[in-house]
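Trainee: Kindly return the folded structure for what I paste below:
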Amino acid sequence: MPDPGQPLTNDDEEDEVLLSEEDEDLLEWASMAELYAVGYIRILADAIERGDADLQVDPSAWENTMAAAAWAMMEHVRGRLHGPTAITVEDIERMRRLHWLGSAALSGGERSPELYPLALRCMESLFGPDWKRAAREAASYARALSQVFHPHSGTE
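Mentor: All right, here's what the predicted structure looks like:
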């Protein structure tokens with residue numbers, strides 16, 4: 001079992017550090033939370049930027065995924081997880097702001113002009129310079145997942 005002070009990574013073969021099954025599950029869950037968060041962020045930001053009436057994201061999927069992504073990002077700050085970028089507390093605060101703005105838009109409230117540029121910055125903070133490609137892929141995965149769990153959410 002790895003030292004609790006050691007960060008968890010998917011590249012531990014080189015370091016010959018064996019992760020427990022629980023740690024491997026945590027890594028996979030955190031990676032998926034961040035991936036789907038970027039997918040939903042991309043879908044929502046694009047719909048708002050285009051002025052679409054249907055924002056194409058199920059509100060419960062948004063809430064659950066954004067909360068999970070914020071938790072995963074905090075694990076980066078605590079040093080338990082590592083990814084393509086160094087996540088900071090400021091990145092987490094931006095993600096929480098985006099979560100709130102997205103929730104407001106999805107509930108029929110204000111579609112803040114701040115949401116789109118904030119969404120771009122949040123996606124970049126999670127995936128670094130390759131965020132545009134990652135966001136396109138993640139949006140595709142999020143749409144597919146939504147069709148399974150939220151078939152009437154308009155994400156076709």
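Trainee: C-alpha from now on. contacts and neighbour counts both.
Mentor: Fine.
Trainee: Distance check, residue 63 against residue 42.
Mentor: The spacing between residue 63 and residue 42, counted by C-alpha to C-alpha, to the nearest Å, is 15 Å.
Trainee: which residue is nearest the centroid of this protein?
Mentor: Central residue check for the chain by C-alpha atoms, centre = their mean: the C-alpha nearest the mean position is that of residue 37, 2.6 Å away.
Trainee: so that one is in which element?
Mentor: Residue 37 is located in helix 21-50, with elements delineated by DSSP states H and E.
Trainee: pLDDT (mean, whole number) over that helix?
Mentor: Helix 21-50 carries an average pLDDT of 87.
Trainee: Return the set of buried residues in that helix.
Mentor: Within helix 21-50, the residues that qualify as buried by neighbour count (16 or more other C-alpha atoms under 10 Å) are 23, 26-27, 30-48.
Trainee: can you pull the buried residues of the helix or strand following that helix?
Mentor: Toward the C-terminus, helix 21-50 is succeeded by helix 59-77 as the next helix or strand (DSSP H and E). Judged by neighbour count using 16+ other C-alpha under 10 Å, the buried positions of helix 59-77 are 59, 61-62, 65-77.
Trainee: residue contacts, residue 86?
Mentor: By C-alpha atoms under 8 Å, 6 or more residues apart in numbering, residue 86 lies in contact with 76, 77, 125.
Trainee: tell me the secondary structure for it?
Mentor: Taking DSSP: H, G, I helix; E, B strand; the rest coil as the rule, one finds residue 86 in the coil state.
Trainee: Now for this structure, the helix or strand with the poorest mean pLDDT.
Mentor: Counting by mean pLDDT, DSSP states H and E, the weakest-scoring helix or strand in the chain turns out to be helix 12-15, with a mean of 45.
Trainee: which intervals of the protein have sub-threshold pLDDT?
Mentor: 1-19, 145-156 (pLDDT under 70).
Trainee: try it again with 90
Mentor: When the per-residue scores of the chain are filtered using pLDDT under 90, the ranges that remain are 1-36, 39, 56, 75, 78-85, 126-156.
Trainee: Secondary structure element for residue 119, which one?
Mentor: Secondary-structure element containing residue 119, defined by DSSP H and E: helix 115-127.
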